[in-house]
Structure formats: C-alpha cells, structure tokens
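Q: Pasted the sequence and its predicted model underneath.
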Amino acid sequence: MNIILIGAQGSGKGTQAQRLAASLGIRHVASGDLFRKAIDEGTELGQKAKTYIDQGKLVPDNLTVSMVLGRISEPDCASGVLLDGFPRTIVQAQALDEGLGRAGQRIDCVLYLEVPRNVLLKRLSGRYICKANQHVYNINTRPPKVPGICDLDGSELYQRSDDRGEAVQKRLDIFFNETVHLFDYYANQGKLAAVNGNQGIEEVAGSLLKAINDCREDV
Ligand SMILES: [Zn+2]
C-alpha cells in the first residue's frame with residue numbers, strides 16, 4: 001500500500017507519518033530526511049539541494065524525483081511506502097505516477113493534514129531541535145527543562161535554517177500557493193481525503209487511520 005501524506009511544515013506531519021507507517025507496516029520515506037542525509041554525506045546532490053534549502057526555496061523537481069524514486073525502489077520499501085514531503089508539485093506527482101507505474105505499482109491514498117496558517121506560524125516560530133537525536137521542542141508549547149538543552153540527551157538545541165523567520169513565511173507561501181494544485185490532481189483520481197490536523201496527536205492519528213480505511217473500501 002502506497003500512501004502520500006500532505007501537510008505544511010508544523011502540521012504535525014512528521015510525527016503522524018512515523019506512527020502511521022509503523023501501524024500499517026510500511027516504510028516512512030521523508031524527502032527532507034533524504035536531503036539531510038545527502039547533505040551530511042556531502043554528495044553532489046546534497047550540496048546542490050543545500051543551496052536551495054538554506055534560502056527557504058524548494059529543491060528543483062529533477063533532484064527530488066530521482067532521489068525519492070531511487071529510495072522507493074530499495075528492497076525495504078517492497079510492502080509499501082508512506083511518502084512525507086513528496087510530491088510537492090504536479091510535475092513531481094506525474095513523475096511519481098510514471099515511476100510507480102513502471103514498477104507495476106500506484107498511489108492508493110492521499111491524505112491532507114489540514115491546519116490553519118496562523119496555527120502553523122505559531123508552532124513553527126518556536127521550534128527547536130536537538131543536535132544529537134533531532135528531538136523536537138517548542139519554546140511556546142513544549143519547552144525543555146533547561147533552556148537550550150535537550151531533556152533526553154543533554155545535547156544543544158538549535159533552529160533549522162528552514163524554521164527561521166522569513167524562511168518560514170516563504171515556505172508557507174509556497175505550500176499554500178503551489179501544493180494546493182496537488183489537491184485537484186489527486187481529487188480527480190478519487191484518492192484525496194482531508195483530515196483535521198488541528199486536534200490532539202491521538203485524535204489526528206485516529207482520523208488518519210479512519211480515512212485510510214474509508215479509502216480502502218472505495219478501492
Ligand atoms: Zn535530544
């Protein structure tokens with residue numbers, strides 16, 4: 001089973017994607033993680049991607065598509081994937097459909113985690129991540145016990161370059177102006193379901209599972 005989870009930064013998408021993939025027994029493939037790994041390893045693709053991410057811009061389609069399709073073709077993704085952060089554009093969605101089609105696969109269900117922009121801004125502007133294990137904190141809603149230090153491993157907290165001020169606004173603009181076109185694309189295929197992401201973590205997880213079951217019954 002192949003699922004796409006769409007949500008703006010700060011929508012809780014990463015957290016929900018991990019839980020959902022675990023409960024469905026499929027692999028969580030986050031394009032952001034693929035980029036960060038490529039950047040850490042200093043690959044040519046990673047260095048190219050970094051210049052875009054640092055400016056709060058989207059990485060070009062050809063870089064993204066080849067990285068994601070490569071990952072999906074690996075053996076541990078054979079029973080299905082939950083795509084997180086990809087596709088973001090119609091061009092990417094079409095390339096994904098073509099790539100999956102060549103492998104005799106397809107997207108089964110597309111979930112949109114819906115959160116109002118003002119809520120996203122509040123969540124994002126306070127987000128900090130620990131250097132050792134990427135534990136997530138929020139100075140507004142979930143502060144660490146000691147300022148600037150991770151409760152769990154004592155490592156230093158930092159803000160990702162794409163979580164800071166203007167970059168956040170830019171990314172939300174891009175999301176609301178461009179990603180929205182994907183909804184038409186997948187609604188026309190009868191695969192789109194919207195889920196209220198402005199609830200507690202447990203409630204959102206339950207709503208997502210229900211939407212997937214509804215989607216299975218439709219097939
Ligand atoms: Zn930590």
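A: Arrived safely.

Q: Quick check: residues of the chain near the ion?
A: Residues of the chain found near the ion (Cβ under 5 Å from the ion) are Cys130, Asn133, His135, Cys150, Leu152, Asp153. From N, CA and C alone the C-beta is placed, and that goes for glycine too.

Q: List the buried residues of stretch 135-144.
A: When neighbours are counted by 16 or more other Cβ atoms under 10 Å, the buried residues of stretch 135-144 are found to be His135, Tyr137, Asn138, Pro144.

Q: same deal with stretch 11-26?
A: Counting neighbours by 16+ other Cβ under 10 Å, one finds that the buried residues in stretch 11-26 are Ser11, Gly12, Lys13, Gly14, Gln16, Ala17, Arg19, Leu20, Ala21, Leu24, Ile26.

Q: show me what contacts the last one?
A: The contact partners of Ile26, by Cβ atoms under 8 Å, 6 or more residues apart in numbering, come to Met1, Asn2, Ile3, Ser79, Gly80, Val81, Leu82.

Q: if we go to 7 Å?
A: Applying Cβ atoms under 7 Å, 6 or more residues apart in numbering, we find Ile26 in contact with Met1, Ser79, Gly80, Val81, Leu82.

Q: Among these, the buried ones, what's the ChimeraX command?
A: For anyone working in ChimeraX, the buried entries among these, judged by 16+ other Cβ under 10 Å, can be selected with:
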select :1,80,81,82
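
Q: what's the farthest-apart pair in the contacts of Ile26?
A: Comparing every pair within those by Cβ to Cβ identifies Ser79 and Leu82 as the most remote, at 11.2 Å.

Q: quick one, what contacts the nearest residue in space to Leu96 that is not next to it in sequence?
A: Ranked by Cβ to Cβ, 6 or more residues apart in numbering and with sequence neighbours excluded, the top spatial neighbour of Leu96 is Pro87, at 5.3 Å. By Cβ under 7 Å, 6+ apart, the contact set of Pro87 is Ala93, Leu96, Leu182.

Q: What residues sit buried inside stretch 184-198?
A: Buried residues in stretch 184-198, counting neighbours by 16+ other Cβ under 10 Å, are found at Tyr185, Tyr186, Lys191, Leu192, Ala193, Val195, Gly197.

Q: CSV for those residues, including pLDDT and secondary structure?
A: As requested, the buried residues of stretch 184-198 are arranged in CSV below (pLDDT from 0 to 100; DSSP: H, G, I helix; E, B strand; the rest coil):
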residue, pLDDT, secondary structure
Tyr185, 95, helix
Tyr186, 96, helix
Lys191, 95, coil
Leu192, 95, strand
Ala193, 96, strand
Val195, 97, strand
Gly197, 96, coil
